[in-house]
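J.: Sequence and computational prediction follow.
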Amino acid sequence: MAHEAVFPLFHYNLRNYGFFRYFCNRFSPILRKRTKVDFFKGALQTNMLDNNIIDRLDRIATPFYYYDMDLFRRTVDHVAELAAAHDIKVHYAIKANAEKPLLEYISSKGFGADCVSGNEVLHAHKCGFPAKKIVYAGVGKSDKEIYQALMLGIEAFNCESLQEIYVINEMARAHGKQADISIRINPDIDAHTHKYVTTGLYENKFGISQHEFDKLIDILKNSTNINFIGLHFHIGSQITRVDEVFALECQRVNDIVAYFERQGLSVDNINLGGGLGVDYDDPDENPIADFGTWFRTISDNIRRSPHQSIHVEPGRSLTAQCASLISRVLFVKSGETKNFLIMDAGMNDLIRPALYGAYHKIENLSAAQRPFFPTHQAYDIVGPVCESSDVWGAGRLLPLSVRGDLMAIRSTGAYGQVMASRYNMKDLAPAVFSDRLEDAPLMTDYFNL
Ligand SMILES: Cc1ncc(COP(=O)(O)O)c(C=O)c1O
């Protein structure tokens, strides 16, 4: 019993709250008002995660992905407005996040979908994207996947190799179909981003390179069951030098499009891919990515004829900032030289830090609610998975943190939930949507209190 008083169990915590957390949670709003320490709140509080929402999130079983649907809708609406103003068609890259409520909203705005697997194609269609607004890229499409997409009648296969074009043509012929295809070209451009998310260099596996253009043009002209509709490019992800890199991409694209048209092939669709970066350092300062600069750079640099339409495929920039992975401190452990915060979310929930060394801002939400000025301390914040790479951040300065504190790993709405696994047989962290909080599983559901 004595140790429980110091290190309360979560269910004990929830029933009786333990004096420390009870005091903090119950009286902090009053104390904050009475003692006029609200400015601390300003320093610690996030815009997306205000006090009211933190109280509600604290009751939900962790870990989970929390989606701020208001921010998400504002982001999509902003993009829809800009796209209309610049006459640019948007296909959302659903690989970034395929949660149904997000896809339903995006499809309702008239966007198309960019998919990279047969299951993504089928899922996008189920979530409201018309088949004629679905494009399908990917270097390794299986025969089954090609067949399914062909039968659905998608807008275009974005083909990434000569063999793929042969196979699609043969499959279409065998089933009495015509397949619309775009060709993904590798434009050999350095996107100045992480080497694992650079895709447009000759050394990368994506797209068809210049040395195969003669053969390619021959195939496109002589295949009876494919219709060539355009060219597709995607040079990388998390691009932050927006005007410089995308201007360069447009200039390369102009040259390549002109080359294909000189060969007698009409390039009706010019698809520039995705890649717009987001602010992982300060998600509250920049909750919406710089779509304005992106669209303007494209409009200013792309050469377009009346028969041509311009397409883009944002993924990360539409969804990254609208979600946080919410976790709890399980244990605080003092090592020889470091203090560890051991969280209940691990690399199985979000693999980006382990896979790319990606940075995510981490906040202690419970400490942000405490009514006194918190001492700060450096922590190595780690997950529970049995891998040394299961680290959220090393030497992160946080307010003094205790067992049970609610933590937010920010900017996790893209390449987060979609990459989760059940490694170590962990449960998958569910999605919790801000407009459906009542559906979220509560901590108390698990303890039969
Ligand atoms: C072909 C293609 N289009 C679009 C995207 C989306 O990129 P981002 O999430 O950086 O916008 C990707 C991502 O890798 C991609 O491979």
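T.: Arrived safely, thanks for sending.
J.: Got the confidence number for residue 209?
T.: What the model reports as pLDDT for residue 209 is 87.
J.: what about it, how many neighbours?
T.: Other residues within reach of residue 209, judged by other C-beta atoms under 10 Å, total 15. The C-beta positions use only the backbone N, C-alpha and C, and glycine is treated the same way.
J.: if I look at it, how far off is the ligand?
T.: With distances taken as C-beta to the nearest ligand atom, to the nearest Å, residue 209 is found 16 Å from the ligand.
J.: doesn't residue 188 make contact with that residue?
T.: Yes - contact status for residue 209 versus residue 188: in contact at 7.4 Å, counting by C-beta atoms under 8 Å.
J.: show me the contacts for the closest residue to residue 398 other than its chain neighbours.
T.: Nearest non-adjacent residue to residue 398, counting by C-beta to C-beta, 6 or more residues apart in numbering: residue 364, 5.1 Å away. The contact partners of residue 364, by C-beta atoms under 8 Å, 6 or more residues apart in numbering, come to 329, 398-399, 401, 405-407.
J.: before we move on, what about residue 155?
T.: Counting by C-beta under 8 Å, 6+ apart, residue 155 has contacts 112, 131-135, 180.
J.: got a list of contacts for the longest helix along the chain?
T.: Longest helix in the chain by number of residues, with DSSP state H as the criterion: helix 242-262. Residues from elsewhere that reach helix 242-262 (C-beta under 8 Å, 6+ apart): 185, 187-189, 191-192, 200, 213, 217, 231, 233, 235, 239, 267, 270, 272, 275-277, 290, 293-294, 297-298, 300-303, 308.
J.: any idea where the helices of the stretch 201-350 of the chain begin and end?
T.: With DSSP state H, counting those that start in this stretch as the criterion, the stretch 201-350 of the chain has helices at 213-222, 242-262, 291-301, 316-319.
J.: An error on my part: the question was meant for the stretch 1-150 of the chain.
T.: 2-6, 10-16, 19-34, 38-44, 51-57, 69-86, 100-108, 118-126, 143-152.
J.: Report the buried residues of the last one.
T.: For helix 143-152, burial by neighbour count (16 or more other C-beta atoms under 10 Å) applies to 145-150, 152.
J.: count of residues packed around residue 210?
T.: Neighbours of residue 210 using other C-beta under 10 Å come to 14.
J.: likewise residue 299?
T.: That count, for residue 299 with other C-beta under 10 Å as the rule, works out to 16.
J.: can you check residue 125 too?
T.: Neighbours of residue 125 (other C-beta under 10 Å): 20.
J.: Around the ligand, pick out the residues from the chain.
T.: Selection of the chain residues close to the ligand by C-beta under 6 Å from any ligand atom yields 93, 95-96, 114, 137, 234, 237, 273-276, 313-317.
J.: hmm, back to that, is it possible to get TSV of the contacts of residue 364 that adds secondary structure and pLDDT?
T.: As requested, the contacts of residue 364 are exported to TSV (DSSP: H, G, I helix; E, B strand; the rest coil; pLDDT from 0 to 100):
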residue	secondary structure	pLDDT
329	strand	98
398	strand	96
399	strand	95
401	coil	95
405	coil	96
406	strand	97
407	strand	97
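J.: Residue 156: which of those is nearest?
T.: Using C-beta to C-beta, the shortest approach to residue 156 within those belongs to residue 407, at 42.8 Å.
J.: Quick check: bridge partners of that closest one?
T.: residue 327, residue 364 (DSSP bridges).
J.: all strands of the stretch 301-449 of the chain, in order?
T.: Shown for the stretch 301-449 of the chain, the strands assigned by DSSP state E, counting those that start in this stretch span residues 309-312, 323-334, 339-343, 362-364, 376-382, 391-399, 406-409, 431-433.
J.: Ignoring the adjacent residues along the chain, who's closest to residue 101?
T.: Nearest one to residue 101, counting by C-beta to C-beta, 6+ apart, is residue 433 at 5.8 Å.
J.: Sorry, wrong one. I was asking about residue 326.
T.: Using C-beta to C-beta, 6+ apart, the closest residue to residue 326 is residue 66 (5.0 Å).
J.: Just list whatever residues bridge to the one you found.
T.: Note on residue 66: beta-bridge partners by DSSP bridges are residue 324, residue 432.
J.: how many neighbours does it have?
T.: For residue 66, using other C-beta under 10 Å, the count is 25.
J.: next one: residue 215
T.: Quick note: residue 215 (other C-beta under 10 Å) scores 11 neighbours.
J.: Can you give me the distance of it to the ligand?
T.: For residue 215 relative to the ligand (C-beta to the nearest ligand atom), the value is 23 Å.
J.: What of residue 355?
T.: 13 Å.
J.: again, but for residue 60
T.: 28 Å.
J.: Check residue 304 too.
T.: Distance, residue 304 to the ligand, using C-beta to the nearest ligand atom: 20 Å.
J.: Could you pull up the residues touching that residue?
T.: Residue 304 sits in contact with 270, 310, where contact means C-beta under 8 Å, 6+ apart.
J.: Residue 439 too?
T.: Counted by C-beta under 8 Å, 6+ apart, residue 439 has contacts 432-433.
J.: before we move on, back to that, what's around the residue nearest to residue 101, how many residues?
T.: Residue 433 has 19 nearby residues by other C-beta under 10 Å.
J.: List the residues that contact it.
T.: Here residue 433 is in contact with 67, 69, 101, 439 (criterion: C-beta under 8 Å, 6+ apart).
J.: could those residues go into TSV alongside pLDDT?
T.: Formatted as TSV, these follow (pLDDT from 0 to 100):
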residue	pLDDT
67	98
69	98
101	98
439	92
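J.: picking that back up, ok now the longest helix of the chain, how far from the chain's centre?
T.: Mean-position distance between helix 242-262 and its chain equals 26 Å (C-alpha atoms, centre = their mean, to the nearest Å).
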